[in-house]
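no sequence for this one, just the structure:
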């Protein structure tokens, strides 16, 4: 398939800022670029950094949901209504959702990338498993309930829902319901075990991955996982693709391209 | 039957398309995916003595007719690159090890290591326009270039390519100095030093402020440089700069390039750009009853 080239760089202003949970902020801005669920954008905060962010809202008023974990995300979460950011994209391949019963599994801010998929496929039957470290960090439970007939929660410390992780919760839900597809986004260790579980149960899956990313434009190769560019062939990969990857769940790369154990 | 085979300074290639340095060449897996796209040879990312992060983002600006980038030579360092070369070697096509250094001795050490890792040739980055103390800062001085090449030629037996910068009035002088020093081929061109200013942010977009312009925007400059180099040199020239389809590849070949490298074209057209170019060239050759691609090299000259 030929990749079509288009310059998309656009200056946008923040139209709303919502605190979703402790240290997690959703920023909305008007940008009518076509986008599909699971795609990401590059966000430039002039003078600070440029970072990849999943779209947590599609449509003409798009949104990103940011957790404050470093310099760039600190700057993003500090932005106020009216502030300017410069965006390009959306990039990459997102979720490809067939008809049927779907289980959505989100860990941490992973729900941000999954919700637009759930909202686009509201006609089919969606169940959701949301994992968080604790109740305070739990994200998007209310928004998930709008499109999902069954939303369940797990927390690492047991402060809400199942005392355990999202994969354990998913396993319980799979025992009760037969799913046609599992889609997941979250920490890679979670995705690794979720993928293992899906293979055991013979359920097709799609997972959204993250890698250190420099150019975002399919050129530099810094985000390659087993030669596949997270920014182009990803960020969402099918269970079959993940099965072929030697690095999935095992290895990531540092800013220099050196191998690091996950 | 048409043949796209070329022999480049002793390196045998199934077709004249090569992955240019700096694109998808940092990891073995990425190099393999470019081989699947149909490349005849692969040039690695430029590797230095120690791991290097490169510049902070933004490192890339997308333009209608190309890119301005300032990656800043990120690389895992020559030690760690052994494993990537090992992975890439299963592609079964020639791998050219690109290296950058700040002295002739450092270039020679890195070139030798690349040869030890199985590189069928080495490419000297004498032309990166956005890394202080490296690349273009050395590559515009004919004496410095000659010294580096002599040192590298003593250290390795594989062919040595010099990748030169168009950001100079004396490209031909530098290339001739490289030829006299024993280099086996010239690669031209690297990116043109450039800048992009965002009018809303009122500042240069790249964190490094300066970067290198690539893509179709620079093709006219690259073709002109290759045309001039073909006239001035006896050694082969490898053309690079804005190639993204068979017509632009043939432009370079007719200007005098024995092989061509593709970088930005991978970002704009995808990894299958290599295969697409080759089938386009083969169709052109069949239509014009040309059996061997080498018959087309330099035909634009009188």
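Cool, the structure landed. Quick caveat: nothing in here was measured; it's all calculated off a predicted structure.

Surely residue B:261 is in contact with residue B:188?
No - the criterion here is C-beta atoms under 8 Å, and residue B:261 misses it with residue B:188 at 9.8 Å. No exception for glycine: its C-beta is placed from N, CA and C like everyone else's.

quick one: common contacting residues for the two?
Residues touching both residue B:261 and residue B:188 (C-beta atoms under 8 Å, 6 or more residues apart in numbering or on different chains): B:238-240.

With respect to chain A, which of the residues you listed is nearest?
residue B:240 (14.4 Å; C-beta to the nearest C-beta).

ok, that closest one touching residue B:223?
No - the criterion here is C-beta under 8 Å, and residue B:240 misses it with residue B:223 at 10.6 Å.

Next, give phi and psi for the residue nearest to residue A:36 when sequence neighbours are not counted.
Of all residues beyond its chain neighbours, the one nearest residue A:36 is residue A:94 (4.7 Å), with distances taken as C-beta to C-beta, 6 or more residues apart in numbering or on different chains. Phi and psi for residue A:94, reported as degrees, to the nearest 10, are phi -100, psi -150.

Same question for residue A:135.
Dihedral angles (degrees, to the nearest 10) for residue A:135: phi -60, psi -40.

so how far is residue A:24 from it?
As judged by C-beta to C-beta, to the nearest Å, residue A:135 and residue A:24 stand 13 Å apart.

neighbour count winner among those two?
Using other C-beta atoms under 10 Å in any protein chain shown as the criterion, residue A:135 and residue A:24 rank with residue A:24 on top: 23 against 16.

Phi and psi next, for that one.
phi -120, psi 120.

Could I get the buried residue list for stretch A:47-65?
Buried positions in stretch A:47-65, judged by neighbour count with 16 or more other C-beta atoms under 10 Å in any protein chain shown: A:48-58, A:62-65.

My error: substitute stretch A:139-147 in the last question.
Neighbour-count burial for stretch A:139-147 flags A:139-141, A:143-144, A:147 (criterion: 16+ other C-beta under 10 Å).

between these, which is nearest chain B?
Distances from chain B to the buried residues of stretch A:139-147, taken by C-beta to the nearest C-beta, are shortest for residue A:139, at 25.7 Å.

give the contact list for residue B:30.
Contacts for residue B:30 (C-beta under 8 Å, 6+ apart) come out as A:221, A:224, A:227, A:229, B:24.

Keep only those of these that are in strands.
A:224, A:229 (DSSP state E).

Let me know the closest of the contacts of residue B:30 to residue B:10.
The shortest gap between residue B:10 and any of those belongs to residue B:24, at 25.3 Å (C-beta to C-beta).

In the stretch 101-250 of chain A, where is pLDDT below threshold?
Within the stretch 101-250 of chain A, the stretches with pLDDT under 70 are A:122-123.

By mean pLDDT, point me to the weakest helix or strand of chain B.
Ranking every helix and strand in chain B by mean pLDDT, DSSP states H and E puts helix B:136-139 at the bottom, with a mean of 90.

now what about it, what contacts it?
By C-beta under 8 Å, 6+ apart, the residues outside helix B:136-139 that reach it are B:102, B:126-129, B:144-145, B:148, B:162, B:164-165, B:167-168, B:174, B:190, B:193.

Now the two most distant members of those.
Across those, the longest distance by C-beta to C-beta is 20.7 Å; it joins B:148 and B:193.

Helices of the chain, residue ranges please.
I went with chain A, as the question did not name one. Along chain A, the stretches classed as helices by DSSP state H are A:71-77, A:111-120, A:141-145, A:166-176, A:188-201, A:239-244.

Oops, wrong one, chain B.
Ranges of helices in chain B, per DSSP H, are B:28-36, B:78-89, B:104-116, B:136-139, B:142-155, B:171-180, B:219-232, B:246-255, B:264-269, B:273-287.

now, of those helices, which is deepest in the fold?
Greatest average neighbour count among these goes to helix B:264-269 (a mean of 27), per mean count of other C-beta atoms under 10 Å in any protein chain shown.

That helix packs against which elements?
With contacts taken as 3 or more C-beta pairs under 8 Å, 6 or more residues apart in numbering or on different chains; DSSP states H and E, helix B:264-269 sits against strand B:66-69, helix B:273-287.

Give the rounded mean pLDDT of that helix.
Per-residue pLDDT over helix B:264-269 has a mean of 94.

Same question for stretch B:2-12.
Mean predicted confidence for stretch B:2-12 is 95.

Only the buried residues of that stretch, if you could.
Applying 16+ other C-beta under 10 Å to stretch B:2-12 flags B:2, B:4, B:6, B:8-9, B:11 as buried.

closest to residue B:281 among the contacts of residue B:30?
The closest of the contacts of residue B:30, once distances to residue B:281 are taken by C-beta to C-beta, is residue B:24, at 21.8 Å.

That closest one - how many residues pack around it?
Other residues near residue B:24 come to 29 when the count uses other C-beta under 10 Å.

Quick one: residues contacting it.
Residue B:24 neighbours (C-beta under 8 Å, 6+ apart): A:219-221, A:224, A:229, B:30-31, B:33-34, B:266, B:271.

coming back round to it: what residues are shared contacts of residue B:240 and residue B:223?
The contact lists of residue B:240 and residue B:223 share residue B:252, where a contact means C-beta under 8 Å, 6+ apart.

Give me the common contacts of residue A:135 and residue A:24.
By C-beta under 8 Å, 6+ apart, no residue touches both residue A:135 and residue A:24.

quick one, what contacts residue B:64?
Going by C-beta under 8 Å, 6+ apart, residue B:64 touches residue A:7.

Chain A contacts on the stretch 101-250 of chain B?
By C-beta under 8 Å from any C-beta of the partner chain, the part of the stretch 101-250 of chain B that sits against chain A consists of B:198, B:200-201, B:203, B:205.

Tell me the one among those residues nearest to residue A:255.
The closest of those to residue A:255 turns out to be residue B:205 (C-beta to C-beta; 19.7 Å).

contacting residues around whichever residue of chain B sits closest to chain A?
In chain B, the residue that lies nearest chain A is residue B:29 (3.2 Å; C-beta to the nearest C-beta). Residue B:29 sits next to A:224-228, A:247, B:87 when contact means C-beta under 8 Å, 6+ apart.

nearest spatial neighbour of it, skipping sequence neighbours?
Using C-beta to C-beta, 6+ apart and skipping the chain neighbours, the partner closest in space to residue B:29 is residue A:227 (3.2 Å).

For residue B:24, see how far away that neighbour is.
Note on residue A:227: its distance to residue B:24, by C-beta to C-beta, is 8 Å.
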